[in-house]
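Visitor: Task: produce atomic coordinates for the following.
(chains A and B)
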Amino acid sequence: MGDIRVARPLIRMDRVRKQFGAGTLAIADMSVTIDEGAFVSFLGPSGCGKSTALRMIAGLLPVTAGTIAIEPARERTEQDLGFVFQEPTLMPWATVADNVFLPLRLAGVPRAEAEPRVRAALAEVGLSRFAAAWPRELSGGMKMRVSIARALVTRPRILLMDEPFAALDEMTRMKLNNDVLRLWAEHGLTVVFVTHSVFESVYLSDRVLVMAARPGRVAADLRVDAPWPRDDGFRGTQAYVDQCRMVSGALKSTLDDAHIDH
Amino acid sequence: MTLTSTTETLAPAPVNVEAIARARRERVLSRVMPAATMIAAIGLWEWVVRAYDIPHYLIPSPSRIASTLMTDGPSLMGSAWFTVKLTLMALALAIVGGVGLGAVFALSRPLEMSLFPFAVILQVTPVVAIAPLILIYVDSTFAALLICAWIVAFFPILSGTVVGLRSADHNLRDLFTLYRATPWQRLRFLLAPSALPFFMAALKVAGGLALIGAVVAEFVAGTAGRNTGLASRIIESSYRNEIPRMFAALVLVSLLGIAIFVLTSWASRRVLGHWHESEIRRET
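Guide: A predicted model of the protein is given here:
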């Protein structure tokens, strides 16, 4: 899938630096260009600034130095980005449908007009029957699906995901990985996916940015050489095992470096 | 995977006759038990008073209190109405003031830092101690009583609102930032619903406190004024040694307090029952 698209830069991070108020250097000099239609993972140990980088791309955190541009450099609209947090982050006082309606409501879309779009987004994550349910009635995996539906309801070009499945059980996580790949392909999304799982990053991405901590930086920029589309069978292939070994090795060497630093 | 497994749990389970019977028994018991205990206690009281021939000017029997309530009903009702009016107005003003000032505090740290000490002073100084001053400074006795009751009820609402408005989930805040929500949208769709559980808890406390404030203030004001709340009836009856009437007024004050508690609890369940942990009934 990735190879039939013409690579066009979509997100450009140029010498981005992030220093928090207390003086902690979260990210030192990060320059990354993400192509349109790519599925890129930020992989690294906790404290390597991967979530910080994602939040800066989303505009939720200001950069200390450097620039982040989303191309083409036209006025960014709130519809451009979808963000999925580590927790489902649903409003417990609103039904599933109203949670998905939120981004459209904030954009001033009338309820009647939004209704079919909300329904479509819920159908895409397989929750059509749960529109009227309350978040507390759902399992962790289903809540995450609602969160994804909410991120997709505005039809964004870019989907940013911050360790979205870290808290879920293995079976649910695999299922949701497949769902995300399907949505990525169907919508022509560009996905930036933060994870600390080597296996997840290899399964999902066509490119893995291995990050190192203290200060946060990109330690390795790896291409995942495996064919699309992928399904659960991919996990059993030699290609998958090889890629995991490669990524794992890169991650391990950054951790060893960090130990020498200490 | 999740979908199917959860669907199963959401689908109606096979009817468990025994469980339903047990639930019904429990529901009946939860009403019968307190009622039965109450009736037994009142019965015991009646019996003790009769058996030991306790004079009614010391401890009146429940039946005598009931008949006093009947005979003095109209005039006591008037007093009760006065107290109700006082309490509800104080509570309403406490809600308006507490929510208003709470919103201002939540929006502005400097304002909160400068004004909060005043709110605390108002709260920690016993109302009985301030009431005489207020009665001197304010011409209308009703207004003075209202201020006293308001002072007591105001603080819980204020602090509940401030904490509540600040309690919104930080990821949800980020989400609202991401979608460029206006300040009004943020208040309406995020901050206000997040504050609601705190506000409802504060309302339950403030409802009871408003009544206490109203009664205490009237005690301080004494029977000097033409005010005829339940508290002045209690004082008046004590001067005249009309103990049954004292008890009758006391019963009315209690009933008022219970009514306020039941109403605020009901409101809380109405508002939060769908979603908030505090009001969700768990299946066992």
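Visitor: phi, psi of A:Thr89?
Guide: phi 50, psi 50 (degrees, to the nearest 10).
Visitor: Kindly report the same for A:Ala132.
Guide: The phi/psi pair for A:Ala132 (degrees, to the nearest 10) is phi -90, psi 0.
Visitor: State the distance from it to A:Ala94.
Guide: Noted for A:Ala132: a distance of 11 Å to A:Ala94, by C-beta to C-beta, to the nearest Å. Where C-beta positions appear, they are placed from N, C-alpha and C, glycine not excepted.
Visitor: The two - which one has more neighbours?
Guide: Each of A:Ala132 and A:Ala94 has its neighbours counted (other C-beta atoms under 10 Å in any protein chain shown); A:Ala94 has more, 18 against 10.
Visitor: how close does that one sit to A:Val146?
Guide: On the measure of C-beta to C-beta, A:Ala94 and A:Val146 end up 10 Å apart.
Visitor: so what sits against both of those two?
Guide: A:Pro135 (C-beta atoms under 8 Å, 6 or more residues apart in numbering or on different chains).
Visitor: what's the pLDDT at the residue in chain A that chain B sits nearest to?
Guide: Residue of chain A nearest chain B, by C-beta to the nearest C-beta: A:Gly141 (3.4 Å). Looking at A:Gly141, its pLDDT stands at 89.
Visitor: Could you double-check that it lies in contact with A:Asn177?
Guide: No: in this structure A:Gly141 lies outside contact range of A:Asn177 using C-beta atoms under 8 Å: 11.4 Å.
Visitor: in the stretch 101-250 of chain B, which spans are helices?
Guide: Secondary structure of the stretch 101-250 of chain B by DSSP state H, counting those that start in this stretch: the helices cover B:109-124, B:127-137, B:141-166, B:170-178, B:183-186, B:192-221, B:230-239, B:243-272.
Visitor: Include mean neighbour count and distance to chain A when you put those into a markdown table, please.
Guide: Listed next are these as a markdown table, based on neighbours: other C-beta atoms under 10 Å in any protein chain shown; distance: least, C-beta to the nearest C-beta, whole Å:
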| stretch | mean neighbour count | distance to chain A |
| --- | --- | --- |
| helix B:109-124 | 12 | 16 |
| helix B:127-137 | 15 | 35 |
| helix B:141-166 | 23 | 13 |
| helix B:170-178 | 18 | 4 |
| helix B:183-186 | 13 | 6 |
| helix B:192-221 | 23 | 5 |
| helix B:230-239 | 20 | 39 |
| helix B:243-272 | 17 | 8 |
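Visitor: My guess is B:His56 contacts B:Glu242. True?
Guide: No: between B:His56 and B:Glu242 there is no contact under C-beta under 8 Å: 9.7 Å.
Visitor: ok, the residue most central in space within chain B to B:Gly100 distance?
Guide: The centre of chain B sits closest to B:Gly207, judged by C-alpha atoms, centre = their mean, with a distance of 2.6 Å. According to C-beta to C-beta, B:Gly207 stands 18 Å off from B:Gly100.
Visitor: Over to A:Ser147?
Guide: Taking C-beta to C-beta, one finds A:Ser147 at 35 Å from B:Gly100.
Visitor: One more: A:Tyr203?
Guide: Using C-beta to C-beta, we find A:Tyr203 at a distance of 54 Å from B:Gly100.
Visitor: A:Leu222 now?
Guide: Counting by C-beta to C-beta, the gap from A:Leu222 to B:Gly100 is 57 Å.
Visitor: Look at the two and report which has more neighbours.
Guide: Using other C-beta under 10 Å as the criterion, A:Leu222 and B:Gly100 rank with A:Leu222 on top: 20 against 13.
Visitor: thought the more buried one was touching A:Val210?
Guide: Yes: using C-beta under 8 Å, A:Leu222 is in contact with A:Val210, at 6.6 Å.
Visitor: Could I get the full set of helices for chain A?
Guide: Ranges of helices in chain A, per DSSP state H, are A:50-58, A:96-106, A:111-124, A:140-152, A:170-187, A:198-204, A:238-261.
Visitor: Kindly report which one of those helices carries the lowest mean pLDDT.
Guide: helix A:238-261 (a mean of 76).
Visitor: got a list of what residue 158 touches?
Guide: Reading this off chain A. Contacts of A:Ile158 (C-beta under 8 Å, 6+ apart): A:Leu10, A:Ile11, A:Ile70, A:Asp80, A:Leu81, A:Gly82, A:Leu189, A:Thr190, A:Val191, A:Val192.
Visitor: if you could check chain B rather than the one you did, that'd help
Guide: So B:Leu158 contacts B:Gly97, B:Gly98, B:Leu101, B:Gly102, B:Phe105, B:Ala119 (C-beta under 8 Å, 6+ apart).
Visitor: Please name the nearest non-neighbouring residue to it.
Guide: Spatially, and ignoring its direct neighbours in sequence, B:Leu158 is nearest to B:Gly98 (4.1 Å; C-beta to C-beta, 6 or more residues apart in numbering or on different chains).
Visitor: okay, now that neighbour: neighbour count?
Guide: 27.
Visitor: Would you verify that it is located in a strand?
Guide: No: using DSSP: H, G, I helix; E, B strand; the rest coil, the secondary structure at B:Gly98 is helix, not a strand.
Visitor: Quick check: the gap between it and A:Asn99.
Guide: To A:Asn99, B:Gly98 is 30 Å away according to C-beta to C-beta.
Visitor: Between B:His56 and B:Glu242, point out the one with more neighbours.
Guide: When B:His56 and B:Glu242 are compared for neighbours, B:Glu242 comes out ahead with 19 against 15, by other C-beta under 10 Å.
Visitor: Phi, psi for the more buried one please.
Guide: Per-residue torsions, B:Glu242: phi -90, psi 80 (degrees, to the nearest 10).
Visitor: Okay, it and B:Arg64: tell me how far apart.
Guide: For B:Glu242, the distance to B:Arg64 - C-beta to C-beta - is 11 Å.
Visitor: Then B:Arg173?
Guide: Distance, B:Arg173 to B:Arg64, using C-beta to C-beta: 61 Å.
Visitor: likewise A:Arg15?
Guide: 89 Å.
Visitor: Of these two, which one has the most company?
Guide: Set side by side, A:Arg15 and B:Arg64 show more neighbours around B:Arg64, with 17 against 12, by other C-beta under 10 Å.
Visitor: Report pLDDT for the more buried one.
Guide: At B:Arg64, pLDDT is 88.
Visitor: Then B:Gly97?
Guide: pLDDT, read off for B:Gly97, is 93.
Visitor: can you pull the contacts of it?
Guide: Per C-beta under 8 Å, 6+ apart, neighbours of B:Gly97: B:Trp150, B:Phe154, B:Ile157, B:Leu158.
Visitor: Torsion angles phi and psi at the nearest residue to B:Ala144 once chain neighbours are set aside?
Guide: Once flanking residues are discounted, B:Ala144 sits nearest to B:Val138: 4.1 Å by C-beta to C-beta, 6+ apart. Dihedral pair for B:Val138: phi -100, psi 130, per degrees, to the nearest 10.
Visitor: just checking, B:Val138 touches B:Leu145?
Guide: No: the pair B:Val138 / B:Leu145 is not scored as a contact, 9.1 Å apart, by C-beta under 8 Å.
Visitor: Need the overlap of contacts for these two.
Guide: With C-beta under 8 Å, 6+ apart, B:Val138 and B:Leu145 have no common neighbours.
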